[in-house]
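# A structural model of the following input is requested.
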Amino acid sequence: MQSRTARPLPRHRTISYLKVMAIKLASYNVHKCVGLDRRRRPDRVLAVMSRLHADILALQEVDFRLGPRPAALSRELSERATGLVALPYALNQHSFGWHGQTILVRRDFGITDVHRLELPGLEPRGALLAELTSDDGPFRILAAHLGLLARSRKMQFAAIRAALSRRTQMPTILIGDYNEWSSRGGSAALGPEFHTHTPGPSFPAARPVARLDRISLGFGAHLTDAGTYDSNASRVASDHLPIWANISLRPRQAF
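Got it, this is the predicted structure:
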């Protein structure tokens with residue numbers, strides 16, 4: 001599958017769907033493949049990823065932080081384990097992603113745009129955006145690994161909202177590690193169009209109590225079911241449990 005960049009569609013265009021589309025998403029902070037036993041075991045992470053059976057998978061901490069940011073997780077083995085294809089976010093041949101993040105998608109999805117979004121804050125952060133198409137219509141996925149400071153996270157949500165306001169509206173999903181311990185957090189800065197969901201406690205993996213990994217839906221994306229993937233393997237492979245969500249995409253009548 002080849003990626004391509006199309007001209008931006010005009011804003012406020014009405015998008016029609018042949019039917020309601022249902023997809024399964026997952027998000028997993030793989031902690032550079034270092035498990036809670038302090039052993040770096042990519043094979044354990046890959047085994048967990050293979051059991052998620054997701055149509056779209058957002059990953060965090062797939063690269064090391066220093067130098068050219070070499071991959072901590074193999075792109076080729078990730079694609080083989082999941083049956084998905086990684087989108088082209090890496091800036092060099094050494095990295096798997098960008099700002100330690102990547103998105104893998106079902107092979108039959110068309111790619112309209114792939115975009116890197118720099119986020120404000122005291123520490124370097126970024127969000128990944130992909131606009132995809134299927135036989136049932138277009139939709140958008142953003143993946144983010146937000147900052148540790150509450151003030152930075154609010155700024156980052158506001159930056160994401162500003163970036164979306166300059167693009168065509170379509171069913172939109174934001175998923176990832178929000179690093180948010182409170183029940184409300186700063187996701188209100190996304191605006192009233194978005195509703196944030198916490199699928200379940202995901203951190204620390206061995207005895208999860210914090211709902212750090214979340215999903216926000218807007219412009220015709222609706223949650224039908226969600227949870228964490230909790231197994232003996234996932235409780236040791238990383239410091240986070242993966243989250244998953246079943247989403248229906250039904251755009252509003254007009255934008």
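# now the helices for the chain?
42-50, 75-82, 150-165, 234-237 (DSSP state H).
# which of the ones you listed is buried the deepest?
helix 234-237 (a mean of 22; mean count of other CB atoms under 10 Å). C-beta: built from backbone N, CA, C; applies to glycine.
# tell me the mean pLDDT for that one?
Mean per-residue pLDDT for helix 234-237: 98.
# please name every helix or strand in contact with that helix.
helix 42-50 (3 or more CB pairs under 8 Å, 6 or more residues apart in numbering; DSSP states H and E).
# sketch out the low-pLDDT regions of this protein for me.
Counting by pLDDT under 70, the chain contains low-confidence ranges at 1-19, 251-255.
# how about the nearest residue to the spatially most central residue of it, chain neighbours excluded?
By CA atoms, centre = their mean, the chain has its centre lying nearest to residue 143, at 3.1 Å. In this structure, residue 143 finds its nearest non-sequential neighbour in residue 58, 3.7 Å apart by CB to CB, 6 or more residues apart in numbering.
# the one you found bridge partners, please.
residue 27, residue 103 (DSSP bridges).
# that one: neighbouring residues, count only.
32 (other CB atoms under 10 Å).
# identify the residues contacting it.
Applying CB atoms under 8 Å, 6 or more residues apart in numbering to residue 58 gives the contacts 25-28, 101-103, 128, 141, 143, 175-176.
# swap in 6 Å and give it another go.
The contact partners of residue 58, by CB atoms under 6 Å, 6 or more residues apart in numbering, come to 27, 103, 143, 175-176.
# and the strands in the stretch 51-200 of the chain, which stretches?
Listed in chain order, the strands of the stretch 51-200 of the chain (DSSP state E, counting those that start in this stretch) span 56-60, 85-86, 101-105, 110-119, 125-134, 137-145, 172-177, 194-197.
# kindly reformat the ones you listed as a markdown table containing distance to residue 34.
Shown next, in a markdown table, are the strands of the stretch 51-200 of the chain (distance: least, CB to CB, whole Å):
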| stretch | distance to residue 34 |
| --- | --- |
| strand 56-60 | 13 |
| strand 85-86 | 21 |
| strand 101-105 | 17 |
| strand 110-119 | 24 |
| strand 125-134 | 21 |
| strand 137-145 | 16 |
| strand 172-177 | 15 |
| strand 194-197 | 28 |
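# buried deepest among those, which one?
The most buried stretch of these, if neighbours are counted by mean count of other CB under 10 Å, is strand 56-60, with a mean of 28.
# the helices of the chain: which one's closest to residue 180?
Closest to residue 180 of the helices of the chain, according to CB to CB: helix 150-165, at 6.5 Å.
# please state the offset of the closest one from the chain centre?
Using CA atoms, centre = their mean, to the nearest Å, the distance from the centre of helix 150-165 to the centre of the chain it belongs to is 16 Å.
# contacts for that helix, please.
If you take CB under 6 Å, 6+ apart as the criterion, helix 150-165 is touched by 117, 119-122, 127, 146-147, 186-187, 189-191.
# make it 7 Å
117, 119-122, 125, 127, 142, 146-147, 172, 174, 178-180, 185-187, 189-191 (CB atoms under 7 Å, 6 or more residues apart in numbering).
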